[in-house]
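Chemist: my questions concern the predicted model and sequence given below.
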Amino acid sequence: MTEITFKNFLICTFTIAMKLISVTILLICLTAATFSKSILIACYDLNENYVASELCVNKNNPASHCNGHCYLSHQLNNDEKPNTPINNASKEKFEIQLFFIENADKHFTPSAFTAAHYNTTQEFCLQQVINSCFHPPAA
């Protein structure tokens, strides 16, 4: 049987506590990102008097009856901005080289590969290609 020492107990407890803390932090971040608009609206509702008296743009114009809605709409618009791309660099297309030939023919001339060197009347037959590539090993 294995003995559970105090050191092993502390290591196991520490590991479980760190997993629990990291999972809790990740869940809080995910929830905050998902419900960010709802959180902004709830904060506005809780502090409506303060927002209307201190942060409202139209606080000097009581006839507008804004009551801080301008500040709320500004905060909601700022919340949407990170979801849009900042620059067009992410939309740029880029090319990935899939094949690389290390020993390329350095004596390539366009005249070496003209149609005159090849029989263009020969018909392509898939069965010939398969038979030339796939065959049983030589004895």
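Modeler: Great, that's in hand. Numbers count the residues shown, from 1 in each chain.

Chemist: just the CA atoms of stretch 10-26, as CSV, please.
Modeler: These are the backbone C-alpha positions of stretch 10-26, laid out as CSV (Å, rounded to 0.1, in the frame of the first residue of the first chain):
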residue,chain,number,x,y,z
LEU,A,10,-0.1,19.3,0.3
ILE,A,11,0.9,18.8,-3.3
CYS,A,12,-2.5,17.2,-4.1
THR,A,13,-4.4,19.9,-2.3
PHE,A,14,-2.4,22.7,-4.0
THR,A,15,-3.0,21.1,-7.4
ILE,A,16,-6.8,20.8,-6.8
ALA,A,17,-6.9,24.4,-5.5
MET,A,18,-5.0,25.8,-8.5
LYS,A,19,-7.3,24.0,-10.9
LEU,A,20,-10.4,25.3,-9.1
ILE,A,21,-9.0,28.9,-9.2
SER,A,22,-8.1,28.8,-12.8
VAL,A,23,-11.5,27.3,-13.8
THR,A,24,-13.3,30.0,-11.8
ILE,A,25,-11.3,32.8,-13.4
LEU,A,26,-11.9,31.4,-16.9
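
Chemist: check which residues of that stretch are buried.
Modeler: Residues of stretch 10-26 classed as buried by neighbour count (16 or more other CB atoms under 10 Å): none. All C-beta spots, glycine's among them, are computed from the backbone N, C-alpha and C.

Chemist: and the next helix or strand past the host helix or strand of Ala42?
Modeler: Counting by DSSP states H and E, the element that carries Ala42 is helix 36-46. Next helix or strand after helix 36-46 toward the C-terminus (DSSP H and E): helix 48-50.

Chemist: list the contacts of that next one.
Modeler: Here helix 48-50 makes contact (CB atoms under 8 Å, 6 or more residues apart in numbering) with 67-68.

Chemist: which helices and strands does the helix holding Ala42 pack with?
Modeler: For helix 36-46, the packing partners by 3 or more CB pairs under 8 Å, 6 or more residues apart in numbering; DSSP states H and E come out as helix 69-80.

Chemist: in the helix it packs on, which residues are buried?
Modeler: Buried positions in helix 69-80, judged by neighbour count with 16+ other CB under 10 Å: 69-72, 75.

Chemist: how far away is Thr24 from Leu30?
Modeler: From Thr24 over to Leu30 the distance is 11 Å, taken as CB to CB, to the nearest Å.
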